[in-house]
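Student: sequence first, predicted coordinates after that:
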Amino acid sequence: MVKLILFTLGFLTVVLIVWHVGPTRIYEAASSLGPEAVLLILCPSVLMYVLEAYGWRVTLGTWSRVIPFWRLLAIRTAGEVVNMTTPTAYVGGEPLKAYLLKRYGVPMVDGLASVVIAKTTMTIAQIAFILIGLASGFWLLGAGGSPGQTIATALLSVGLLAFGVGGFVLVQRRGIFTWLLEMLNTIGIRIRFLESRREKLLELDRTIAEFYVQNRAGFLLSTGLFFLGWLAEALEVFVILYWLGAPVTVLTSLSIGGLSIFIKGGTFFIPGSLGAQDAGNLLLVTAFGYSEVAGITFALLRRFRELVWIALGLVCFMLVGGKKAVAQEKKADQA
C-alpha cells in the first residue's frame with residue numbers, strides 16, 4: 001500500500017511538473033532532436049552496461065571463462081530491471097543474477113559472492129564519481145547560496161556513505177554471516193532459516209574473503225571498470241544537453257551526472273524514484289543556468305532511456321530462462 005501511494009505521488013509530481021513547464025514547449029524541444037539524436041543519446045548507456053558487465057565478470061574469477069560475455073551481459077541486464085523498478089535500494093536484482101548464473105553452471109555460492117563483491121566495487125566507484133561531481137559543482141557554483149549549501153549537505157551524506165561502505169568491506173573480509181551467526185548465538189537467538197544454511201553461508205563468507213585477499217588486482221580492476229561505467233553517465237549528460245542546443249562543458253556534465261546519481265540513490269524507497277528523480281533532475285539542471293524546458297526534457301529523456309533498458313532487460317530475462325531458473329531455485333529451497 002505504501003509503495004502504491006509513493007508511486008502515485010511520484011506520478012502526480014511528474015504530471016504537475018510537465019503541466020507547469022508546458023507540454024507544448026516540452027514536445028517542441030523533444031521533437032526537434034530527431035531519431036539520430038535519440039540513438040546517440042542511448043549510446044552512453046550501452047557503453048555503461050558493457051563496462052559494468054566487465055566489472056562484474058572480473059569478480060567471477062575462473063568462472064568468468066565458463067559463461068560467454070554476451071550471456072553475462074544479458075543476465076546483468078535482466079537483474080537490473082528488478083533494481084530499477086522495485087524500492088529495494090538497488091539490490092533486489094542481485095539474487096536474481098546469482099540464480100541465473102547457477103542455471104549456466106556457476107555454483108550458487110560463487111554466484112552470490114560475485115554479486116556481493118561487484119555491488120561493493122560498484123558502490124566504491126559510485127562514491128568516487130559522486131565526489132568528482134560534487135567537486136565540480138563547488139568549482140562551478142561556489143560554496144555560497146542555496147546550490148552551494150545543497151552540495152555541502154550532499155558532501156556530508158556521501159562521506160557517511162563512504163564510511164559505511166568501508167565498514168561493509170571490513171565486515172566482508174571477516175565474514176558477514178560468520179559475524180551475524182556468532183552475534184545471534186551470543187544473545188541466544190536461533191533462526192531456523194539461517195541455521196539450516198549455516199555451511200553454505202560460511203562457505204559464502206570464505207569465498208568473498210578469499211577474493212579480497214588473493215585477488216586484489218581483480219578488486220581494483222573491477223572498481224576501475226565500474227568507475228568508467230559511471231563516467232558514461234556524465235557522457236550521457238553531455239550528449240543530451242548538447243543535442244538540446246544548450247552550452248555544456250565536461251565539468252558541468254560531471255557535476256550534473258554525479259549529483260543526479262546521488263539524488264536517485266537517496267530516493268530508492270520510491271518505486272523507480274518516480275517524481276523525486278525527475279524533480280531533482282529539473283532543479284539540478286536549472287541550478288546550472290539551463291531553462292526549465294531543458295531541465296524537464298533532460299529528465300524525461302533519461303526516463304526514456306530507462307524504459308528502453310527495462311524493455312531490453314525483460315527480453316534478456318526471457319532469453320536466459322529467468323522464469324525457469326527462479327522456479328527451479330524455489331523448488332530447491334522447498335526440498
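Tutor: Arrived safely.

Student: is it correct that Ile41 is in contact with Val308?
Tutor: No: with contact defined as Cβ atoms under 8 Å, Ile41 does not reach Val308; the gap is 9.9 Å. For the C-beta atoms, the positions are set from N, CA and C on the backbone; glycine is no exception.

Student: more neighbours: which of the two?
Tutor: Ile41 (21 against 14; other Cβ atoms under 10 Å).

Student: residues touching that one, list them.
Tutor: 33, 236, 239-240, 243, 301, 305 (Cβ atoms under 8 Å, 6 or more residues apart in numbering).

Student: what's the single longest helix in this protein?
Tutor: Ranked by residue count and defined by DSSP state H, the top helix of the chain is helix 108-141.

Student: who are the packing partners of that one?
Tutor: Using 3 or more Cβ pairs under 8 Å, 6 or more residues apart in numbering; DSSP states H and E as the contact criterion, the neighbours of helix 108-141 among helices and strands are helix 35-59, helix 94-103, helix 145-174, helix 198-214, helix 216-243, helix 250-266.

Student: now Pro107: how far from Glu210?
Tutor: Using Cβ to Cβ, to the nearest Å, we find Pro107 at a distance of 14 Å from Glu210.

Student: so for those two, which sits in the more crowded spot?
Tutor: More neighbours sit around Pro107 than around the other of Pro107 and Glu210, counting by other Cβ under 10 Å; the figures are 15 against 12.

Student: per-residue pLDDT of that one, please?
Tutor: Model confidence at Pro107, given as pLDDT, is 89.

Student: now the contacts of Ile41 as a markdown table including pLDDT, neighbour count and distance to Gly166?
Tutor: Supplementary listing: these in a markdown table, determined by pLDDT from 0 to 100; neighbours: other Cβ atoms under 10 Å; distance: Cβ to Cβ, whole Å:
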| residue | pLDDT | neighbour count | distance to Gly166 |
| --- | --- | --- | --- |
| Leu33 | 78 | 17 | 42 |
| Glu236 | 95 | 26 | 29 |
| Val239 | 93 | 19 | 34 |
| Ile240 | 92 | 26 | 33 |
| Trp243 | 89 | 19 | 39 |
| Leu301 | 91 | 24 | 35 |
| Arg305 | 92 | 17 | 32 |
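
Student: report the two of the residues you listed separated the most.
Tutor: Using Cβ to Cβ, the contacts of Ile41 reach their maximum pairwise distance at Leu33 and Glu236, which is 13.9 Å.

Student: which one of the contacts of Ile41 is nearest to Leu73?
Tutor: Within the contacts of Ile41, proximity to Leu73 (Cβ to Cβ) peaks at Arg305, which comes in at 17.0 Å.

Student: so which strand or helix has that closest one?
Tutor: Counting by DSSP states H and E, the element that carries Arg305 is helix 292-319.

Student: just send the contacts of Ile41 back as CSV, with distance to Val250 too.
Tutor: What follows is those, written out as CSV (distance: Cβ to Cβ, whole Å):
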residue, distance to Val250
Leu33, 22
Glu236, 13
Val239, 12
Ile240, 14
Trp243, 16
Leu301, 20
Arg305, 20
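
Student: just the mean pLDDT for stretch 222-232, thanks.
Tutor: The average pLDDT for stretch 222-232 rounds to 95.

Student: tell me who's in contact with Leu251.
Tutor: Contact criterion Cβ under 8 Å, 6+ apart gives 136, 139-140 as the residues in contact with Leu251.

Student: please apply the same query to Val285.
Tutor: Taking Cβ under 8 Å, 6+ apart as the contact definition, Val285 lies against 241, 256, 294-295, 298-299.
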